[in-house]
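Engineer: sequence and computational prediction follow.
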Amino acid sequence: MTNPSDPEHSEEERDKRKEESELREKLEDISYRLARIERVLARIEPEMGEFKQSTRVIREGMDFYGSLFEMMGRFTGRQRLQRRFPEIGKDEISRLIVEALEAGNPLNISQLTVAVRRHRGTASRRIIRERIQRLIEIGVIQESHKDKKATYYKIADDLL
């Protein structure tokens, strides 16, 4: 057993108390810093909600104006096509084929037939094929690519 009056024992106790004191100070400092962070977050949180709402409104506005510009581009492109190729405006099926292809994705005859039927009610694959051939001949559309089952068409590159 150690004697409390022993100098070694009292030095060990002092070192232990000193370490405990330093640890207590560090814990108090961490606690103080954590409380400061919580106060700052409590002040910022309502403003972050407003910020998120503002960015959402801005994003929606940008999407809206982007879709308007896209629609205007399609409209002016369609007007240019109809001025350059007046026969497109006179033939409803050709006009609907061009409108379907203006969306940007190459389509095959089956897909174009479905698109024309959606607007017109009726359309045969044979008639669609004939109109596509005529539109290719006058330079409005061109083949995009072929796969194993179908040929895909798009607006002619020089018209875009």
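Structural biologist: Happy to help now that I have it.
Engineer: how far does the helix or strand containing Q53 sit from the chain's center?
Structural biologist: In this structure, Q53 sits in helix 7-84 according to DSSP states H and E. Offset of helix 7-84 from its chain centre (Cα atoms, centre = their mean, to the nearest Å): 22 Å.
Engineer: state the mean pLDDT of it.
Structural biologist: Mean pLDDT, computed over helix 7-84, is 77.
Engineer: hang on, T122 in a strand?
Structural biologist: No. Counting by DSSP: H, G, I helix; E, B strand; the rest coil, T122 is located in no strand; its state is coil.
Engineer: pLDDT at it, what is it?
Structural biologist: pLDDT, the model's per-residue confidence, is 88 for T122.
Engineer: quick one: neighbours of it, just the number.
Structural biologist: Other residues near T122 number 7, with proximity taken as other Cβ atoms under 10 Å. From N, CA and C alone the C-beta is placed, and that goes for glycine too.
Engineer: ok, back up a step: which helices and strands sit right next to the helix holding Q53?
Structural biologist: Other elements packing on helix 7-84 under the criterion 3 or more Cβ pairs under 8 Å, 6 or more residues apart in numbering; DSSP states H and E are helix 86-90, helix 92-102.
Engineer: secondary structure class for E143?
Structural biologist: For E143, the secondary-structure state derived from three-state DSSP is strand.
Engineer: for it, give the beta-bridge partners.
Structural biologist: Here E143 sits in beta bridges with Y153, as judged by DSSP bridges.
Engineer: which residues touch it?
Structural biologist: 136, 151-153 (Cβ atoms under 8 Å, 6 or more residues apart in numbering).
Engineer: follow-up on the earlier one: between the helix holding Q53 and helix 92-102, how big is the angle?
Structural biologist: Interaxial angle, helix 7-84 versus helix 92-102 (axes from the mean of the first three to the mean of the last three Cα atoms, to 10 degrees): 160 degrees.
Engineer: mind giving me the domain split of the chain?
Structural biologist: Per automatic domain parsing, the domain ranges recorded for the chain read 1-84, 86-159.
Engineer: and those, which is most packed in?
Structural biologist: Stretch with highest mean neighbour count among these: domain 86-159 (a mean of 15; mean count of other Cβ atoms under 10 Å).
Engineer: my guess is Y152 meets L107, correct?
Structural biologist: Yes. When contacts are counted by Cβ atoms under 8 Å, Y152 is listed as touching L107 (6.3 Å).
Engineer: identify the farthest-apart pair in the contacts of E143.
Structural biologist: Across the contacts of E143, no pair lies farther apart than I136 and Y152, at 12.6 Å, counting by Cβ to Cβ.
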